[in-house]
Every structure is written in structure tokens, then in C-alpha cells.
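J.: here is my input, please return the structure:
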Amino acid sequence: MKRDFPGSDELYDVVDEEGRVVGRASRAEVHSDPGLIHRAVHILVFRPDGRLLLQKRVKQKDVEPGKWDTSVGGHVDAGEDYFSAAQREMKEELGIEEPLEHIYDFKYRSEQESEDIRTYRLVYDGPVHPHWFEIEKVREWSPEAIDKAMGKGIFTPNFEKEWRTYKRFLENDGK
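T.: Next up is the predicted model:
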């Protein structure tokens, strides 16, 4: 595991399966022990025409470097709530300050980490200002292009689960 990515000493709340805070751990710890469930936020930033903004992770990231990922994604800091984390991450990563719509929560579990994720959605037609240290580039993807690229190692496994969850959300809620 790469431990040279800045922020490896940041602290996150560790939660149990019901989402109750049971302790704290560093970024390095939660990204190397799937028994330490931590909280994260995702924001799906859509253009009015339905294209989804995705970010390509820099190669220095400690998890899934160089892959395409959710528009905005980040951890909930220790003592922080999901909504505050989402607003902070959106401003830090893309320079956007707009109202968000919470659409669902889901659990992501892998051999490397375990996250409880709250997903927000935003339809936005303005400029973005990617944070150069976290994001290699930003690209708008049509839903069809995302579907075609799924399972080919282009996206993070976390985003692939997010995309499947979002499509089920659309089918069930029709929004």
C-alpha cells in the first residue's frame, strides 16, 4: 500500500454495521483493514443533457490510482456529518458550491476497505475547477458510454457499484 499520499494521518470515525461511531482510525488504517468501517460521500454531478462528470484519480492515490471514479468522493472526517462532508468535498475537488440532493445510502466492502456511503446528486451546468493534486482530469460520460466500459478495469470497483446502485434507484423511484 502506498502511504506517501498526503492525508494518511487524517482521522475518521469508525462505525459498526448499524452506522454507530465506535472509534477512530487514520486514513492509512482504514485503507488497509476492511474490518474498520468508515463513512464516505459520493456526489454524482450530471450535466443537464444527462452526461455524468467523472474524475480520473491521480496515480499517487492510495486506493485505485489512475482509474475513473465518481464525480466527487471523499471521507467524512471524524466528528463531521455526511452533508457537511459532501459540501466540503465538492468545493475542494471541483470548486462547486451548489445545493445537493441526497438520493440513497449503500455499503461498499472490499478486501482493502469497508465504507458506508451516502450519495448525493447535482445537475450542474457551470464550470468546474478540478483540484490538481487529487484529480488527473475530468470528463463527461454518457450513460451509454459508462455502461459499455463497465467491467473493463477502467472504473474503480467502488464507482461500478455506485453506477449499478444508481441505475436501480432510477428503476425503483423513477426520478
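J.: so where do the strands sit in the protein?
T.: For the chain, the strands defined by DSSP state E occupy 11-15, 21-26, 37-46, 52-57, 68-69, 72-75, 101-109, 114-123, 135-141.
J.: for the second one, the averaged confidence score.
T.: What it means is strand 21-26. With pLDDT averaged residue by residue, strand 21-26 scores 93.
J.: can I get it in CSV, CA atoms only?
T.: Coordinates of the C-alpha atoms in strand 21-26 are reproduced here as CSV (Å, rounded to 0.1, in the frame of the first residue of the first chain):
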residue,chain,number,x,y,z
VAL,A,21,-19.5,5.5,15.9
VAL,A,22,-17.3,3.1,17.8
GLY,A,23,-13.8,4.6,17.5
ARG,A,24,-11.4,6.5,15.3
ALA,A,25,-8.7,5.4,12.9
SER,A,26,-6.3,7.0,10.4
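J.: what about stretch 124-138, start to end distance?
T.: Using CA to CA, to the nearest Å, the span of stretch 124-138 from its first residue to its last is 14 Å.
J.: no, scratch that, I was asking about stretch 54-67
T.: The stretch stretch 54-67 measures 10 Å between its terminal residues, going by CA to CA.
J.: and stretch 75-83, by the same measure?
T.: Distance across stretch 75-83, first residue to last, is 11 Å (CA to CA).
J.: show me the contact partners of that stretch.
T.: Residues outside stretch 75-83 that contact it (CB atoms under 8 Å, 6 or more residues apart in numbering): 10-13, 24, 27, 30, 38-41, 85, 88, 100, 102, 118. The C-beta positions use only the backbone N, C-alpha and C, and glycine is treated the same way.
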